[in-house]
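Participant: Build me a model from this:
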Amino acid sequence: MNKINPIEVADASPASQVVLEMVHKKLGRVPNMYKVMANSPAVLDAYVKLNTALSVGAIGSKMAEMIALATAEHNGCTYCLSAHTFLGSKAGLTEQQIYDSKGFHADNEKFDAGLQFAKKIVVSPNEISSADIAPLKNQGYTDGEILEIIANVIRNMFTNYVNIVSYTEVDWPVVVEPLQTQHK
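Facilitator: As a prediction, this is how the structure comes out:
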């Protein structure tokens, strides 16, 4: 398997340097995932723009972090599990909520409906029907919020794959590897 190496800010293309400097200003550092993405200014810019747009979405940071945790666990991405365990706690998720999210579950009925839909997107997207949308509508999700769930799943699947393929070095507090990779 090939590894995609991270690029330090000083060595990045001018276009990537601008974006990496914005990331540094916002986060106080440049996480390794962004340095990997800096190999393609287009990829880095697209990810940062999508991430920025979704950060002000109507589903909120807790639901977004729950989706991130569930997707990372499903895909076996230690980098993303570590990042989103940290970020999820910053968003107000409890240890139990973080744990439950990894299995696409929540104790809150609205969050649970959203996670069940996210699971359907991840596991069998070609089988999604109106029967999968009804529980979301019953819990008060708007069409826009349903689209945000889809966008959050895609955003996190993208970062999972980037980090898995590149073997991105985890620069977050490391959590235990995903259950599915522990049993390989």
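Participant: Going by C-alpha atoms from here, please, whenever you check contacts or count neighbours.
Facilitator: OK.
Participant: now for whichever strand or helix holds Lys35, which elements pack on it?
Facilitator: Lys35 is part of helix 32-37 when elements are defined by DSSP states H and E. When contacts are defined as 3 or more Cα pairs under 8 Å, 6 or more residues apart in numbering; DSSP states H and E, helix 32-37 packs onto helix 41-54, helix 143-166.
Participant: Mean neighbour count, the ones you listed: which tops it?
Facilitator: Mean neighbour count (mean count of other Cα atoms under 10 Å) peaks for helix 143-166 among the helices and strands packed on helix 32-37, with a mean of 18.
Participant: And it, how far out from the chain middle?
Facilitator: 6 Å (Cα atoms, centre = their mean, to the nearest Å).
Participant: same deal with stretch 135-154?
Facilitator: Centroid separation between stretch 135-154 and its chain, computed with Cα atoms, centre = their mean, is 16 Å.
Participant: Show residues contacting stretch 32-47.
Facilitator: Outside stretch 32-47, the residues that touch it by Cα atoms under 8 Å, 6 or more residues apart in numbering are 4-9, 12-13, 15-16, 19-20, 155, 159, 162-163, 166, 168-171.
Participant: first to last residue in it, what's the distance?
Facilitator: Distance between the two ends of stretch 32-47: 14 Å, counting by Cα to Cα, to the nearest Å.
Participant: Also stretch 120-131?
Facilitator: So stretch 120-131: terminal residues 11 Å apart, Cα to Cα.
Participant: Could you pull out the buried residues of that stretch?
Facilitator: 120-122 (16 or more other Cα atoms under 10 Å).
Participant: Poorly predicted segments of this protein, please.
Facilitator: Applying pLDDT under 70 to the chain flags the ranges 1-2, 176-184.
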